[in-house]
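# Sequence first, predicted coordinates after that:
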Amino acid sequence: MAYTTVPKSSDYFNCQIWTGTGASQNITGNNFLPSFAWIKALGSGNHHLFDQVRGVQKYISSNLTNAEATSASMLTAFNSDGYTLGGDGGTNGNGYDYVGWNWKANGQGSSNTDGTINTIYTSASATSGFSICQYTGTGANATVGHGLGVAPKVVMVKQTNTTKDWMVYHKYTNPDGTGAQYYLHLNNNDGRSSNATMWQNTDPTSSVFSLGTSSNVNGSGDTYIAYCFADTQGFSNFNYFNGNANVDGPFIYTGFAPAYVLTKRVNGAENWFLYDNARSPINVRDKYITVDGSGANSNTDCYDFLSNGFKLRTSADALNGSHEFIYMAFAAAPLVSTNGDIATAR
């Protein structure tokens, strides 16, 4: 009996590591044409986020408020099995190591007219529950079509034409599921804040997400990119957990063996911590990167990635203190795939 709607998780998400050459290099083995590539040096350095919607060579950084920039020597092409990199040290410096997290949507996509704002482009994969939306703000309460057919649990918005904080909607920023009252910044460690001018205190629907009048998400004439994520059985899961400050930490059920787990304390200041199965291939997963910082790949034992979720193996306050945490998780393999195989812990 099929459990998941995604036949093969790696057809829609993949993470990989490589060593830079300082010259043009093809990163292959991705299994699909990426619509969104998020790249970070394992040493110190900024994050670089590229997507087909905004166009090749244009990037933004999760740890910075900077406007979109263009580089002809970072990511120079999206390919059917990965991408081509130039020789820039941000993505491919000679002898330096890098990690890339890659998602498939639907190429550059097309305009979506479901909301009161018609998007410039919306690239959506209803199968994997991921879309990318590019739009121009109006300065008035508005809605934007995300193209997923189900309500996203997470929406990350960045103004691209000038300096602004990243704004993050997560349904469980408040654990009771009233996340639309709140926002988080992806580029810093602030706890949740409340402001109706972000999301109009309105959760996304199956067709649109809502914007208030804040210039962070909807300034008149300003341009924005939004990354939208919906729960997809056997592929992605977005929820919360309460830490217990114990090395025998809580078990979080996701319904799949994770490849990627991003967590953030929400009831106080703390970094966004990212673990994956490329940098940490065996349990206990011990290598993290903070997505709101430029620091190097660091070591702290944290998770066991299991066949059906993840378990906290640390008492560190930042990762498993007696606090409220949200998470984003993507699959390495579903609990049960459409061919009936049982996934096992990695």
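Looks like it arrived, so ask away. Numbering: from 1, shown residues only.
# How is this protein partitioned into domains?
The chain breaks down into these domains under automatic domain parsing: 9-103, 121-229, 236-334.
# just how off-centre is the shortest one within its chain?
Think domain 9-103. Relative to the chain's own centre, domain 9-103 is displaced by 14 Å; criterion: CA atoms, centre = their mean, to the nearest Å.
# That domain spans what distance, first to last residue?
End-to-end distance for domain 9-103: 10 Å, by CA to CA, to the nearest Å.
# Equivalent analysis for stretch 315-324, please.
Using CA to CA, the two ends of stretch 315-324 sit 14 Å apart.
# buried ones in that stretch?
316, 318-321, 323-324 (16 or more other CB atoms under 10 Å). For glycine as for every other residue, the C-beta is placed from the backbone atoms N, C-alpha and C.
# Nearest approach to N112 belongs to which of the domains of the chain?
domain 121-229 (3.5 Å; CB to CB).
# before we move on, back to that, quick one: which of the buried residues of stretch 315-324 sit in helices?
318-320 (DSSP state H).
# Identify, from those, the entry nearest to P34.
For those, the nearest to P34 is L319 (28.8 Å; CB to CB).
# what about the closest residue to the closest one other than its chain neighbours, which SS state?
Distances taken as CB to CB, 6 or more residues apart in numbering put C302 closest to L319, at 5.5 Å, once the chain neighbours are dropped. Of the three states, C302 takes strand under DSSP: H, G, I helix; E, B strand; the rest coil.
# Mind putting the buried residues of stretch 315-324 into CSV with distance to C133?
Shown next, in CSV, are those (distance: CB to CB, whole Å):
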residue, distance to C133
A316, 35
A318, 32
L319, 31
N320, 34
G321, 35
H323, 31
E324, 28
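# As JSON lines, the residues you listed with pLDDT and distance to G255 would be great.
Below are the buried residues of stretch 315-324 laid out as JSON lines (pLDDT from 0 to 100; distance: CB to CB, whole Å):
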{"residue": "A316", "pLDDT": "96", "distance to G255": "26"}
{"residue": "A318", "pLDDT": "97", "distance to G255": "26"}
{"residue": "L319", "pLDDT": "97", "distance to G255": "22"}
{"residue": "N320", "pLDDT": "97", "distance to G255": "21"}
{"residue": "G321", "pLDDT": "97", "distance to G255": "26"}
{"residue": "H323", "pLDDT": "98", "distance to G255": "24"}
{"residue": "E324", "pLDDT": "98", "distance to G255": "22"}
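# coming back round to it: which one of the ones in helices among the buried residues of stretch 315-324 is nearest to D276?
Distances from D276 to these, taken as CB to CB, are shortest for L319 (14.9 Å).
# Report whether A180 is found in a helix, as I expect.
Yes. Under three-state DSSP, A180 sits within a helix.
# If I follow the layout properly, it ends up in contact with T205?
No. A180 is not in contact with T205 according to CB atoms under 8 Å; the separation is 11.2 Å.
# So which of these two has more stuff around it?
Legend: neighbour count by other CB atoms under 10 Å for A180 and T205, higher for A180 (21 against 15).
# show me the contacts for the more buried one.
A180 makes contacts with 169, 171, 199-203, 210, as judged by CB atoms under 8 Å, 6 or more residues apart in numbering.
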